[in-house]
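Q: Fold the following for me, if possible:
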Amino acid sequence: TLHHPFQLQAQRPALNRSAMSKVNMDVEKPDEKVSFKKSLKGDFSEEVEAKLPAMMEPAKKDPKKLPEALQNLLQLEKKTRLAADTPSTKRLAEAILDLCIECKDWEALNSHVAILCKRRAQLRKVISAVVQRAMGALEKTPDMKTKISLIETLRTVSAGKVMGE
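A: Numbers count the residues shown, from 1 in each chain. Okay, here's the model as predicted:
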């Protein structure tokens, strides 16, 4: 019978040197893990610059096509966000809000401010950019009710966050 946890180790057979190197592979080669994490980051700036005008054009011509354009932009935003590409994600988030403002769809603006800020793994700089862009849109709101609604959305999104900008 065993009474102490250290007694169990004494009964185990000793590992040979090759087995130890396989077990401690992560410890001996930290550079491989670092390079793997760097490869998860992507640069989608060329893809964003190429696709962005084509995705926004239909909604600019016909505001009825706004939901379809927003859906396409959100899919590309997800791709850039999960690759931790801050500049491209920021550019897409600002484009989404600009499109809502141009089409004067204030409900869509409110919902997309909330959606973009509450997304999983959203980058802090992107959240700051979204809040700043939405604050700039406050002056363009048609009436007081819309303005108050947007302010409430901004308060909800930025609650508990410190934004230094």
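
Q: mind listing the helices for the chain?
A: Secondary structure of the chain (DSSP state H): helices at 5-11, 17-23, 25-28, 30-40, 45-61, 66-82, 86-102, 106-118, 124-137, 144-158.

Q: Of these, flag the one that's most buried.
A: Mean neighbour count (mean count of other C-beta atoms under 10 Å) peaks for helix 86-102 among these, with a mean of 21. Backbone N, C-alpha and C define where each C-beta goes, glycine included.

Q: give the contact list for the spatially most central residue of the chain.
A: Centroid check for the chain by C-alpha atoms, centre = their mean gives residue 122 as the closest residue, at 3.0 Å. By C-beta atoms under 8 Å, 6 or more residues apart in numbering, the contact set of residue 122 is 81, 116.

Q: Give me the local confidence score for it.
A: Residue-level confidence at residue 122 comes out at 92, pLDDT.

Q: for it, phi and psi?
A: Recorded main-chain torsions at residue 122 are phi -70, psi 140, according to degrees, to the nearest 10.
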